[in-house]
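*Asks:* Attaching a predicted model along with its sequence, questions to come.
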Amino acid sequence: MTEMTSMRTASAVSVTGLRKSFGDKTVLDGVDLTVPTGTVFALLGPNGAGKTTTVRILSTLVAADAGEARVNGHDVASEPDAVRATIGVTGQFSAVDNLLTAMENLVLMADLYHLGRRPGRARAAELLDRFGLVEAADKPLSTFSGGMRRRLDLAMTLVGSPKLIFLDEPTTGLDPRSRRDLWQIVREQVADGVTVFLTTQYLEEADQLADRIAVLDGGHIVAQGTAAALKRLVPGGHIRLRFADAHRLATAVRVLGTAAVDEDALTAQVPSDGGSGSLRSVLDRLDTAGITAEELSVHTPDLDDVFLALTGNN
């Protein structure tokens, strides 16, 4: 097995030089992405950045103008049927049929996958149980809350046991409790070995779920990495120290050098990248000077700061 083949096998999604325009508007301009199998990957970006277009290309719904994209080892352009057989897609809006019950929606999806009558009903019952919808199985969807509809929508995506699920802003419009319920379902799918490709504008969602995050802006990936790594790209991180008295505070400031001081609160803020090395350096210098802080906390920029710093400049 060649190194390139091995890399593709280990990657649920591999994208190189992806380009897409609609008329004279370039939406994607040379996008490169790799999503390891069995992980959650989050694609962030402002409205119109190209997140949904990326998902539509990778799920074979739209053709790219240029570049290569492989999903679960299959070329999106030349092997669309093979790609579709291994994926599930949940969009921003529920795709359930309001005229059917939850069970009927799932059985219909099972029929589309040609699971057979008995296996199809068994799969539907299994998913209703997993998603906490057993009591609502035979109720009309007009009685469902938004969170129940989204759970059913995701259950329908899983009828065919996909290896990769695309979730395109799946919690749009949900209340905080329903959003967190859906997060738990996503975690359970990944624990079962499913790969999740998530697009979202809820930065807390990406922070909570994603193993890796990419930020898309102006048709380009402007940054990618773990949430912690992205936060370190933005200045503003610091270590906050509180001391027992003004003398210790003054001594600490002299030892540490650059620090923002609040004499009333007896605190000093020392710039930090949020890493353990930065914290160790501060503690070592205080220890050498024989000073102990009463309280210590590490503050890093959040994904809101990252998003604002990296987007909107194109």
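*Replies:* Arrived safely. Numbers count the residues shown, from 1 in each chain.

*Asks:* can I assume V253 is in contact with V261?
*Replies:* Yes - if you go by C-beta atoms under 8 Å, V253 and V261 touch, sitting 5.8 Å apart. Every C-beta, even on glycine, is put in place using the N, C-alpha and C of the backbone.

*Asks:* more neighbours, these two?
*Replies:* V253 (18 against 14; other C-beta atoms under 10 Å).

*Asks:* Next, the contact list for the more buried one, please.
*Replies:* A259, V261, A268 (C-beta atoms under 8 Å, 6 or more residues apart in numbering).

*Asks:* Pull the contacting residues for the closest residue to the first one other than its chain neighbours.
*Replies:* Sequence neighbours aside, A268 is the residue nearest to A259 in space, at 4.3 Å (criterion: C-beta to C-beta, 6 or more residues apart in numbering). For A268, the set of contacting residues under the criterion of C-beta under 8 Å, 6+ apart consists of R240, L241, F243, L249, A252, V253, L256, A259, A260, V261, D262.

*Asks:* In the stretch 51-200 of the chain, what residue spans correspond to helices?
*Replies:* Ranges of helices within the stretch 51-200 of the chain are 51-58, 80-84, 102-112, 117-130, 146-157, 176-191, based on DSSP state H, counting those that start in this stretch.

*Asks:* Narrow the contacts of A268 to those in strands?
*Replies:* Using DSSP state E, the members of the contacts of A268 that fall in strands are R240, L241, A260, V261, D262.

*Asks:* And the residues you listed, which is the shakiest by pLDDT?
*Replies:* When the ones in strands among the contacts of A268 are compared by pLDDT, A260 scores lowest at 85.

*Asks:* Pretty sure Q269 is one of the things it touches, is it not?
*Replies:* Yes - in terms of C-beta under 8 Å, A260 counts as a neighbour of Q269; the distance is 4.3 Å.

*Asks:* residue ranges with poor pLDDT in the protein?
*Replies:* 1-9, 92-95, 258, 312-314 (pLDDT under 70).

*Asks:* Just want the phi and psi numbers for the residue lying farthest from the centre of it.
*Replies:* Distance from the C-alpha centroid of the chain, by C-alpha atoms, centre = their mean, peaks at H247 (46.6 Å). Backbone torsions of H247, given as degrees, to the nearest 10, read phi -60, psi -50.
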